[in-house]
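Undergrad: With the input below, show me the fold.
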Amino acid sequence: MSNSFDSVAGVLAAVGRDLGSTDWVRIDQARINLFADATGDHQWIHVDSERAKSGPFGATVAHGYLTLSLANLFMPQLVSYERLKMGVNYGCGKVRFPAPVRVGSRVRGRGEVVAAEAIAGDGVQVTVRVTVEIEGLDKPGCVVDTISRLYFA
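TA: This is a model prediction of the structure:
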């Protein structure tokens, strides 16, 4: 992976850097159902394949928060950190769901370092925008500004 950083200075210098894209992941009904079970969100547009055929999307769709959670799967494919003492998820900035992710779709993450600032304790707060692209569509399934705090050795 060419997007590897080993210092605060390295992360600060990466603002504006395109991190490329990840491998494609198929969103199947089993994944959607597992997410529904984990969250208790069993709305028919997600889990009832027969009813969803006549619904607004023509098939079941992934939960928006399932699509958002894929940022956690994609981040290690987009960037790695060497000499890291500790890294924590600090939160998210703006989150949007421009297009539904229909069952059977393939998605991937595209990353960009949009901000970074030094913080106390020899750390850096970095914002990486992850765009969850849907194969064959112009609009993404999710765009999220992930915020992490990193502390290097």
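Undergrad: Going along the chain, name the helices of the chain.
TA: Taking DSSP state H as the criterion, the chain contains helices spanning 8-12, 29-39, 44-47, 49-53, 64-78.
Undergrad: export those helices to JSON lines and tack on distance to residue 85 and mean pLDDT?
TA: The way it works is simple: take the backbone N, C-alpha and C, and place the C-beta from them, glycine included. Converted to JSON lines, the helices of the chain look like this (distance: least, Cβ to Cβ, whole Å; pLDDT from 0 to 100):
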{"stretch": "helix 8-12", "distance to residue 85": "11", "mean pLDDT": "96"}
{"stretch": "helix 29-39", "distance to residue 85": "31", "mean pLDDT": "98"}
{"stretch": "helix 44-47", "distance to residue 85": "39", "mean pLDDT": "98"}
{"stretch": "helix 49-53", "distance to residue 85": "46", "mean pLDDT": "98"}
{"stretch": "helix 64-78", "distance to residue 85": "17", "mean pLDDT": "97"}
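Undergrad: out of the ones you listed, which comes closest to residue 136?
TA: helix 64-78 (15.9 Å; Cβ to Cβ).
Undergrad: between the closest one and helix 29-39, how big is the angle?
TA: Between helix 64-78 and helix 29-39, the angle comes out at 110 degrees (axes from the mean of the first three to the mean of the last three Cα atoms, to 10 degrees).
Undergrad: Right, I'll leave it there.
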